[in-house]
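**Student:** Generate coordinates for the sequence data below:
(2 chains)
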Amino acid sequence: AQKITQTQPGMFVQEKEAVTLDCTYDTSDPSYGLFWYKQPSSGEMIFLIYQGSYDQQNATEGRYSLNFQKARKSANLVISASQLGDSAMYFCAMREGYSGGSNYKLTFGKGTLLTVNP
Amino acid sequence: NAGVTQTPKFQVLKTGQSMTLQCAQDMNHNSMYWYRQDPGMGLRLIYYSASEGTTDKGEVPNGYNVSRLNKREFSLRLESAAPSQTSVYFCASSEDWGFTYEQYFGPGTRLTVT
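**Tutor:** Got it, this is the predicted structure:
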């Protein structure tokens, strides 16, 4: 079973609108961290936001927020007021505290390609 | 403060050739990682070093070796390159070894094996 599932291969959004990128995860470990990374066409991986499994509040970083629904095992990224520069591939990732020898491995989803239209 | 740097940026190898990918970080991070990114596959962990002096296998270690030269540097070696190793390779580092620490990535090395 996949640990991280991103069901949207591609998404389109109009400039200045909000967009939600979906991510569901699978773990039996009570301790884990969820991360979102942005990969623009230039190729580098840029850290956006982090949510810990014990965090009571949803994480926010500027225009990025993470809609964390623990019972549903989802960690959706919300980008408010989209900008043309937000066009990129977005990866959801999980790092488990300890699970049968995973040793804090960071597992990535396959990504969602976001295109922001003017 | 350059963050994580990788050399080279691009490389073409013939099957059977060897090469070493270099990675260095200037953030005084304890943990370092090597990933490969293939189309439609996301990133997969090859090897990691939780702290200076230790290394361990990740998800796809076959065909690779690593050396944690010191706290700053973590190299990845392909002893006998194969076409299946054509990929983009990313080095990353994190402050420490634990699930709360985000990883910072280098710019990547695009490797083609013919």
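
**Student:** Which parts of chain A are strands?
**Tutor:** Counting by DSSP state E, one finds strands in chain A at the ranges A:4-5, A:10-14, A:19-21, A:24-25, A:32-39, A:46-52, A:60-61, A:64-69, A:74-79, A:88-96, A:106-108, A:112-117.

**Student:** hey, least reliable of those strands by pLDDT?
**Tutor:** Comparing the strands of chain A by mean pLDDT, the weakest confidence falls on strand A:106-108, with a mean of 87.

**Student:** Which strands and helices lie in contact with it?
**Tutor:** Counting contacts by 3 or more Cβ pairs under 8 Å, 6 or more residues apart in numbering or on different chains; DSSP states H and E, strand A:106-108 packs against strand A:88-96, strand B:42-49. Every residue, glycine included, has its C-beta placed from N, CA and C.

**Student:** which residues touch residue A:20?
**Tutor:** Neighbour list for residue A:20: A:67, A:76-79 [criterion: Cβ atoms under 8 Å, 6 or more residues apart in numbering or on different chains].

**Student:** Sort out which one of the residues you listed lies nearest residue A:22 for me.
**Tutor:** Compare each of the contacts of residue A:20 with residue A:22 using Cβ to Cβ and the shortest gap goes to residue A:76, at 5.3 Å.

**Student:** list the contacts for residue B:114?
**Tutor:** The neighbours of residue B:114, taking Cβ under 8 Å, 6+ apart as the test, are B:12-15, B:83.

**Student:** near chain A, which residues of chain B?
**Tutor:** Residues of chain B lying close to chain A by Cβ under 8 Å from any Cβ of the partner chain are B:33, B:40-45, B:48, B:50, B:56, B:58-59, B:88, B:90, B:92, B:97-108, B:110.

**Student:** Put the buried members of the residues you listed into a PyMOL selection.
**Tutor:** Applying 16 or more other Cβ atoms under 10 Å in any protein chain shown to the residues of chain B next to chain A, the buried members can be selected in PyMOL as follows:
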select buried, chain B and resi 33+42+43+44+45+48+50+58+88+90+92+97+99+100+101+102+103+104+105+106+107+108+110
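
**Student:** Would you mind measuring from the spatially most central residue of chain B to chain A?
**Tutor:** Relative to the mean C-alpha position of chain B, the nearest C-alpha, by Cα atoms, centre = their mean, is the one of residue B:34, at 2.7 Å. With the distance defined as Cβ to the nearest Cβ, to the nearest Å, residue B:34 ends up 12 Å from chain A.

**Student:** host element of that residue?
**Tutor:** Secondary structure here is read from DSSP states H and E; on that basis residue B:34 sits in strand B:31-38.

**Student:** gap between that strand and the chain center?
**Tutor:** Taking Cα atoms, centre = their mean, to the nearest Å, the mean C-alpha location of strand B:31-38 is offset from the chain mean by 4 Å.

**Student:** Same question for stretch B:45-59.
**Tutor:** Shown here is stretch B:45-59, whose average C-alpha point lies 10 Å from the average C-alpha point of the whole chain (Cα atoms, centre = their mean).
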